[in-house]
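>>> Need a 3D model of the sequence below.
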Amino acid sequence: MTTIDSSSGAESSMDDSSNIQTLTKRPSAKKRSFRTDDENSGDGEVWGNFTDSFRQVQSVLDRNRMLIQQVNENHQSKIADNMVKNVALIQEINENISKVVLLYSHLSENFSSVFHQRNAAANEGGDMQQA
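Purely as a prediction, here's the structure:
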């Protein structure tokens, strides 16, 4: 994935897989040693969903970057027809910002849900081991 830092115009590249790590051992206050295959089986799907969501966000942000460039070019041209076109472009930018907010909201909800499910499962597993 290639991104451009808006403040400097510098371009950087980051491989999506470099940020994803599969954990096979998880420290715990209850001293569980290893996660079971059942616990690991959902990791790929969870990370896949997060990755897809981040790609959707990046796609919308890339579209906004292009729209903003077009708005700037239209504004600099000072042609009346181009200024009228800017109204629709700016409306699309605003709609896209709403989409990004919604996508991040869903990401947050999904992350929280996964975290709480795993935490509940870990607590249940610890309770069963103590019985």
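
>>> For the rest of this, base every contact and every neighbour count on C-alpha atoms.
Fine.

>>> how close does Asp62 sit to Ile93?
Asp62 sits 11 Å away from Ile93, going by C-alpha to C-alpha, to the nearest Å.

>>> Can you list the neighbours in contact with stretch 91-109?
Phe50, Ser53, Gln56, Val57, Val60, Leu61, Asn64, Leu67, Ile68 (C-alpha atoms under 8 Å, 6 or more residues apart in numbering).

>>> Which of these sits closest to Val114?
In terms of C-alpha to C-alpha, no member of those lies closer to Val114 than Phe50, at 11.0 Å.

>>> Contact partners for that closest one?
Residues in contact with Phe50 (C-alpha under 8 Å, 6+ apart) are Leu107.

>>> next helix or strand past the host helix or strand of it?
When elements are assigned from DSSP states H and E, Phe50 belongs to helix 43-77. Scanning forward in sequence from helix 43-77 by DSSP H and E, the next helix or strand is helix 80-130.

>>> For this protein, which element, helix or strand, carries the lowest mean pLDDT?
strand 11-13 (a mean of 39; mean pLDDT, DSSP states H and E).

>>> thinking again about what came up before, same drill for Asp62 and Ile93, tell me which one is more crowded.
Higher neighbour count among Asp62 and Ile93: Ile93, with 21 against 14, using other C-alpha atoms under 10 Å.

>>> where's that one relative to Arg63, distance?
8 Å.

>>> Quick one: low-confidence residue ranges for the chain.
Judged by pLDDT under 70, the chain has its weakly predicted residues at 1-42, 125-131.
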